[in-house]
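Asks: no sequence for this one, just the structure:
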Ligand code: PEP
Ligand code: MN
């Protein structure tokens, strides 16, 4: 029997620091990349003030071009950890290489497996051997079955602390960066006991679409969202078109929590 399969037992709640994913609505926010201590710290405080639960930020960046900013690596992990400690927010960051899993696990409260690595089976097995919570993004070309099989690789190694993340898929539409498959949220919640969150930033690639799609994710039953926020989006070193500024993030949060409350009241 598959370990991710929903049976009669309770739904999984994944503890990330003191934040419970799978219980209530969890908001993960922060920059695409950790660029500097100042940028990370200011963004961390801004998202915390607006009610984010977890801080995100990339130290190792999977970039389409080898000439684009690749992230600060270990230095980025240190900055992120400091920002997490100072604000009290648990941190999530991506690992790209099986050789870096223990290093990232040492700094982060949650390890992210990005879309491009969803079927990097040696990486999945390596994070499966740790006891760290894992945020498993859906591959941009992956079916739901392939995505769940990737989760299976992690659980099979003994790590059951997996959160799934829908982040949009490649379609023939080019106006948006990807096409957000929101039907995956209720579909996957019906198939597995794992929490499911949505990334409207990478799904749309456009800042103005992030708030509407976050609200739609909540309406679809997501356990949370992960969004990119930058203190000054125009100056972001990666994904600047999709980053919310702190004001936009705050505006979105004012709608998101009430919508979640309303949805909970209907159950
Ligand atoms: C990210 O969240 O930083 C990221 C690179 O996302 P994805 O793997 O979904 O493209
Ligand atoms: Mn990004």
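Replies: Yes, it's here. Because the structure is predicted, anything quoted here is derived from the model rather than measured. Ligands and ions are numbered 1, 2, ... in the order given.
Asks: Show me the helices in the stretch 101-250 of the chain, by range?
Replies: All helices of the stretch 101-250 of the chain, identified by DSSP state H, counting those that start in this stretch, fall at 101-107, 121-128, 144-156, 184-191, 200-204, 207-219, 246-266.
Asks: need the contact list for the residue in the stretch 101-250 of the chain positioned nearest to ligand 1.
Replies: Nearest residue of the stretch 101-250 of the chain to ligand 1 (Cβ to the nearest ligand atom) works out as residue 114 at 3.0 Å. Quick note: C-beta positions are derived from backbone N, CA and C, even for glycine. Each residue near residue 114 by Cβ atoms under 8 Å, 6 or more residues apart in numbering is listed here: 62, 94, 96, 137.
Asks: For this structure, which residues score under the pLDDT cut-off?
Replies: 8 (pLDDT under 70).
Asks: Output the set of residues of it in proximity to ligand 1.
Replies: 32, 58, 62, 94, 114, 115, 116, 137, 167, 199, 202 (Cβ under 6 Å from any ligand atom).
Asks: mind listing what the residue lying closest to the fourth one once chain neighbours are set aside touches?
Replies: Setting aside the residues directly before and after it, residue 94 is nearest to residue 112 in space (Cβ to Cβ, 6 or more residues apart in numbering), at 4.0 Å. For residue 112, the contacting residues are 56, 92, 93, 94, 95, 134, 135, 137, taking Cβ under 8 Å, 6+ apart as the criterion.
Asks: can you check residue 157 too?
Replies: Applying Cβ under 8 Å, 6+ apart, the residues near residue 157 are 125, 128, 129.
Asks: Apart from its neighbours in sequence, what residue is nearest it?
Replies: Residue 157 sits nearest to residue 128 (Cβ to Cβ, 6+ apart), 2.7 Å away.
Asks: Just the buried residues from the residues of the chain next to ligand 1, in ChimeraX please.
Replies: The buried residues among the residues of the chain next to ligand 1 can be selected in ChimeraX (16 or more other Cβ atoms under 10 Å) with this line:
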select :32,58,94,114,115,137,167,199,202
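Asks: returning to what we had before: quick one, which of the helices of the stretch 101-250 of the chain is packed in tightest?
Replies: helix 200-204 (a mean of 26; mean count of other Cβ atoms under 10 Å).
Asks: quick one on the thing from earlier: quick one: which of the contacts of residue 157 is nearest to residue 3?
Replies: residue 128 (10.6 Å; Cβ to Cβ).
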